[in-house]
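Colleague: Kindly return the folded structure for what I paste below:
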Amino acid sequence: YAPEQKVDLGATLTGFTRDENGNETPVEVRWKRLQDADEPALKPGPVVLAEQFDPNKKAMAYACTKIHSDRDREVVLYTGSDQCLVVWINGERVLMKKLYRAAAPDQDRVRVRLRKGENTVLVKSACGWEGWSFYFRLGDEYGFPVTDGLRFGLD
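Modeller: As a prediction, the model looks like this:
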């Protein structure tokens with residue numbers, strides 16, 4: 001899909017909606033802010049997508065943020081999700097999970113590289129029938145949060 005090729009937060013894209021019989025109809029979709037601009041981009045707790053979209057069953061959505069780093073570094077990305085979760089950092093796929101489970105913090109972990117300056121994070125999340133949320137945080141190899149020299153969010 002288009003966001004996986006290039007993240008353009010000003011773009012109008014083609015998505016789909018579904019009627020009660022399961023018939024899909026193309027619709028224009030746009031990026032929307034899930035949090036107020038003054039809220040932190042990464043905060044405790046899950047990103048709850050089920051409250052943001054209708055339909056919210058048999059659905060898929062993307063989330064995007066930026067991580068600004070004062071230096072090149074390696075950190076550990078900790079995630080958790082209900083179902084499908086795919087994460088790209090700077091266009092490189094770093095995590096892909098396709099499964100059914102209840103979302104919980106730190107279910108998955110992967111070492112990732114952040115470059116000095118701006119790093120684009122793209123998350124793809126899909127929902128089948130149950131909850132629809134995901135967890136996302138950065139830490140060290142022991143799970144302690146990494147925040148020194150990092151700034152999160154869209155300018």
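
Colleague: Tell me which residue is most central in the chain.
Modeller: The centre of the chain sits closest to V123, judged by C-alpha atoms, centre = their mean, with a distance of 2.8 Å.

Colleague: Regarding that residue, what is its secondary structure?
Modeller: Following DSSP: H, G, I helix; E, B strand; the rest coil, we place V123 in the strand state.

Colleague: again with P3
Modeller: When classified by three-state DSSP, P3 comes out as helix.

Colleague: ok, the residue lying closest to it once chain neighbours are set aside to W132 distance?
Modeller: Nearest non-adjacent residue to P3, counting by C-beta to C-beta, 6 or more residues apart in numbering: Y62, 4.7 Å away. For every residue, glycine as well, the C-beta is placed using N, CA and C. Distance, Y62 to W132, using C-beta to C-beta, to the nearest Å: 13 Å.

Colleague: what sits opposite V27 in the beta ladder?
Modeller: V27 forms beta bridges with G15, as assigned by DSSP bridges.

Colleague: swap in K97?
Modeller: Beta bridges link K97 to L85 when assigned by DSSP bridges.

Colleague: returning to that earlier point: tell me the confidence at the residue nearest to the centre of the chain?
Modeller: Reported pLDDT at V123 in the predicted model: 96.
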